[in-house]
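[1] when you get a sec, could you give me coordinates for this:
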Amino acid sequence: MELLLTLSAFCISFILILITVPPIINVAREKHLYEPFEERKIHTTTIPPLGGVAIFIAFILSTIIATDGLSFDSLKYIIAAVLIMFFTGLKDDLLVISARKKFLIQLFAALILITMGDIRFTDLQGVFGIHEIGYITSFSLTLLTVIGVINAINLIDGIDGLASGLSIISSLVFGIWFYLSHNYPLAIMSFALVGSLSGFFLFNVFGNKNKLFMGDTGSLIIGVVISTLIIKFNQLNLVPDSVNVTSAPAFSLAAVIVPVVDTFRVMTIRILKKQSPFTADKNHLHHRLLQLLPGSHLKVTLIIIFATIGMISIAYLLNFSGLSSTVQFFAIASLGVILSFVPSFLIKRKNLKEARLNTVTIYIK
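    Next up is the predicted model:
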């Protein structure tokens with residue numbers, strides 16, 4: 001029965017996406033609701049940014065339907081946070097909200113999860129040699145994680161299929177773990193997200209006339225849900241009858257390594273240039289890869305997705321290495337940072353070769 005409910009969450013959300021996207025696109029065209037052009041934007045045609053509306057409908061309905069009859073006390077608080085992010089993202093997609101207001105609303109949603117839903121870290125599981133932590137540390141770390149993941153997912157949403165593709169992998173991995181650990185409500189919620197994002201991915205990447213973006217509506221919703229899954233994964237890893245991993249923090253970092261490390265990298269670069277860390281630019285990982293593979297959105301998306309799968313696989317193998325939680329965590333973090341600079345290194349190398357060829361050509365002439 002639990003397997004049937006979990007699979008039904010995926011199927012219901014996927015089908016709902018197929019049903020809701022066409023009318024959403026029709027409304028967007030009728031009302032001229034399109035993504036505005038900006039210099040940093042990659043797309044060159046008018047595309048509706050309302051995919052998040054379809055994701056919201058599919059995710060919420062499939063989760064509620066598939067978890068009916070199961071005990072899921074924190075679901076109402078998760079839905080409350082998702083609702084807040086939905087209306088915030090929708091307003092930002094249509095009218096634009098200042099970064100300050102958006103941050104304050106994210107903070108409010110995170111506080112609902114932490115204080116009312118009691119969704120928070122209580123143990124570092126050996127990272128830095130620390131296990132159980134006090135409420136203030138727990139509150140601060142959880143708040144940082146929720147806000148950080150929300151904004152990381154939002155910032156990585158720069159090319160077709162990237163944010164949705166990475167989120168599919170993350171939620172799928174967590175969903176499988178929750179199912180194997182008999183945490184069926186969370187498994188259902190994870191697969192509801194997988195189903196809705198899989199349907200959206202098809203329209204976003206292969207849509208042609210029915211193409212649409214997820215917008216801030218979609219990325220903010222995804223950020224809240226995945227940050228919740230990360231926290232729950234770490235907490236339930238402490239339960240003896242779960243399928244435990246030796247370093248849940250390292251494994252959960254691997255699941256979101258690209259958006260987290262990329263956000264940290266670009267903000268660090270901006271600060272070093274004495275710019276605001278929230279200044280928009282084209283220094284993201286996907287922008288760099290597009291310089292190496294011009295116009296190949298799908299190739300870049302697939303490269304990053306497979307890199308994430310590789311990082312998750314490494315984190316899983318480290319589980320059997322006998323290394324401490326601290327070493328595993330820093331191994332994943334360090335490898336993620338190193339890999340994030342590879343595209344920039346390749347671009348510099350390519351430019352240097354081209355400069356040498358131009359010099360040789362001029363000399364010959």
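
[2] for residue 79, see how far away residue 67 is.
    Residue 67 sits 11 Å away from residue 79, going by C-beta to C-beta, to the nearest Å. In this view, the C-beta of every residue, glycine as well, is placed from N, C-alpha and C.

[3] buried residues in stretch 286-300?
    286-290, 297-298, 300 (16 or more other C-beta atoms under 10 Å).

[4] any chance of those residues in TSV with secondary structure, distance to residue 161 and pLDDT as columns?
    What follows is those, written out as TSV (DSSP: H, G, I helix; E, B strand; the rest coil; distance: C-beta to C-beta, whole Å; pLDDT from 0 to 100):
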residue	secondary structure	distance to residue 161	pLDDT
286	helix	10	88
287	helix	15	85
288	helix	17	89
289	helix	13	89
290	helix	13	89
297	helix	7	85
298	helix	7	90
300	helix	9	92
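
[5] neighbour-wise, which of residue 67 and residue 79 wins?
    residue 67 (20 against 15; other C-beta atoms under 10 Å).

[6] distance check, that one against residue 59.
    12 Å.

[7] where does the chain dip in pLDDT?
    Applying pLDDT under 70 to the chain flags residues 35-45, 358-365.

[8] in the helix or strand where residue 18 lies, what counts as buried?
    Taking DSSP states H and E as the criterion, residue 18 maps to helix 2-31. Within helix 2-31, the residues that qualify as buried are 5-6, 8-10, 12-14, 16-17, 20-21, 24-25, 28, counting by 16+ other C-beta under 10 Å.

[9] apart from its chain neighbours, what residue comes closest to the spatially most central residue of the chain?
    What sits nearest the mean C-alpha location of the chain, by C-alpha atoms, centre = their mean, is residue 153, with 3.9 Å. Of all residues beyond its chain neighbours, the one nearest residue 153 is residue 223 (4.1 Å), with distances taken as C-beta to C-beta, 6 or more residues apart in numbering.

[10] residue 82 touches residue 60, doesn't it?
    Yes - between residue 82 and residue 60 there is a contact under C-beta atoms under 8 Å: 6.8 Å.

[11] please tell me how far the residue nearest to residue 153 sits from residue 195.
    18 Å.

[12] over to residue 55?
    10 Å.

[13] which neighbours do those two share?
    residue 17 (C-beta atoms under 8 Å, 6 or more residues apart in numbering).

[14] quick check, residue 182 in a helix?
    No - looking at residue 182 with DSSP: H, G, I helix; E, B strand; the rest coil, it is coil, so not inside a helix.

[15] the closest residue to it other than its chain neighbours is in what secondary structure piece?
    Once flanking residues are discounted, residue 182 sits nearest to residue 241: 7.4 Å by C-beta to C-beta, 6+ apart. According to DSSP H and E, residue 241 maps onto no helix or strand at all.

[16] from residue 9, how far out is residue 241?
    Residue 241 is 23 Å from residue 9, by C-beta to C-beta.

[17] which one of residue 55 and residue 195 has more residues nearby?
    Using other C-beta under 10 Å as the criterion, residue 55 and residue 195 rank with residue 55 on top: 31 against 27.

[18] so how far is residue 91 from residue 233?
    Plainly put, residue 233 is 31 Å away from residue 91 if you go by C-beta to C-beta.

[19] an error on my part: the question was meant for residue 149.
    For residue 149, the distance to residue 91 - C-beta to C-beta - is 21 Å.

[20] more neighbours: the two, which one.
    The neighbour comparison of residue 149 against residue 91 (other C-beta under 10 Å) goes to residue 149, with 26 against 16.

[21] report the contact partners of that one.
    Residue 149 sits next to 223, 226-227, 230, 256, 259-260 when contact means C-beta under 8 Å, 6+ apart.

[22] at 10 Å instead, please
    By C-beta atoms under 10 Å, 6 or more residues apart in numbering, the residues touching residue 149 are 170, 222-231, 252, 256, 259-260, 263.

[23] thanks a lot, catch you later.
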